[in-house]
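> Just the structure for this:
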Amino acid sequence: MTELAQPLSVLSAGSMRHAFPAIIAAFRELNDVPISLTLGPAGLLRERIEAGEHFDLFASANMAHPRHLAVQGISDDAVCFARNKLCVLARSDLGLTTTNLLDVITDPRIKIGTSTPGDDPAGDYAFEVFDLIEAKHSGLGKPLKSRARQLVGGRNSPPTPPSKGAGWLITDGEADLSLSYYSNARLLKSDPAFSVVALPEEFSPIIEYGVTIRKGVCAEAGQLRDFLLSGDGQRILERNGFEPV
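Residues are numbered from 1 along each chain as shown. Down below sits the predicted model:
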């Protein structure tokens with residue numbers, strides 16, 4: 001294998017923050033390739049790529065962003081490599097369940113937290129939930145969009161304080177509940193301060209993660225993409241709360 005002049009540059013959706021280091025570690029056991037990993041909201045990472053930032057592989061929490069790069073000729077065709085679900089992370093004392101979710105979330109006293117639509121696919125998926133509610137129950141979904149607090153994942157969002165763990169927006173009172181990826185929220189299942197509640201199937205968006213590699217990239221980037229899709233890569237993703245493809 002030809003020694004690389006610089007590490008493979010991987011830009012990945014922040015929701016892969018636990019899975020991708022494990023993917024890289026397993027890949028490097030088979031291929032002694034240096035890899036640099038940058039995590040962030042996928043929409044903002046796509047903008048950085050369009051502005052000329054170097055990358056070798058881009059992993060997004062949706063298919064739209066990598067497909068957009070492919071249409072522009074910046075990257076190869078996007079491939080779905082994982083699926084996820086959106087769920088609700090809530091204060092445990094709300095008594096939230098899948099059955100009473102609609103009653104609770106439409107209560108105007110409840111503070112709803114989301115990520116930032118446009119900048120972060122998690123925000124787009126949250127707003128899709130509100131659209132699905134509106135389609136089934138006219139007049140209930142639209143107010144949710146105006147009430148939603150776009151607290152994370154945006155270009156102007158403050159960073160998570162280093163002294164605070166996951167779910168801090170809820171424990172700090174910024175939100176009573178938030179729409180979250182299951183792959184993240186599941187890590188708080190054993191914490192008595194939180195409830196992790198599945199969305200009703202009729203309000204659950206389809207969440208597909210897409211990967212693409214830069215046009216003309218070195219062979220090693222293609223090998224990393226293929227490893228994501230391999231049995232070993234898919235098992236690592238499944239262990240980290242994702243649904244394999």
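
> Can you name the residues in contact with the helix or strand of the chain with the lowest mean pLDDT?
Here the helix or strand of the chain ranked lowest by mean pLDDT, DSSP states H and E is helix 168-171, holding a mean of 92. Applying Cβ atoms under 8 Å, 6 or more residues apart in numbering, the contact partners of helix 168-171 are 89-91, 113, 151-152, 160-161, 164, 175-178, 193-194. Where you see a C-beta, it was placed from the backbone N, CA and C, and this is true even at glycine.

> buried subset of these?
89-91, 113, 151-152, 175-178, 194 (16 or more other Cβ atoms under 10 Å).

> What segments of the chain are helices?
19-30, 42-50, 64-71, 101-105, 121-136, 141-147, 168-171, 182-185, 219-229, 231-239 (DSSP state H).

> nearest to Glu201, of those?
helix 121-136 (10.2 Å; Cβ to Cβ).

> if we can go back for a sec, could you identify which of the helices of the chain is most buried?
Ranked by mean neighbour count, the helices of the chain are led by helix 182-185 with a mean of 23 (mean count of other Cβ atoms under 10 Å).

> Mind giving me the packing neighbours of that helix?
Here helix 182-185 touches strand 86-91, strand 194-198, going by 3 or more Cβ pairs under 8 Å, 6 or more residues apart in numbering; DSSP states H and E.

> got CSV for those strands, with mean pLDDT and distance to Asp226 too?
Formatted as CSV, the helices and strands packed on helix 182-185 follow (pLDDT from 0 to 100; distance: least, Cβ to Cβ, whole Å):
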stretch, mean pLDDT, distance to Asp226
strand 86-91, 97, 28
strand 194-198, 97, 32
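
> Tabulate these in TSV, adding columns for distance to Leu132.
As requested, those are exported to TSV (distance: least, Cβ to Cβ, whole Å):
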stretch	distance to Leu132
strand 86-91	11
strand 194-198	14
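
> Out of the ones you listed, which is closest to Ala70?
Proximity to Ala70, assessed across the helices and strands packed on helix 182-185 by Cβ to Cβ, is greatest for strand 86-91 (25.2 Å).

> Give the pairing partners of the closest one; include direction for each.
strand 177-181 (antiparallel), strand 194-198 (antiparallel) (DSSP bridges).
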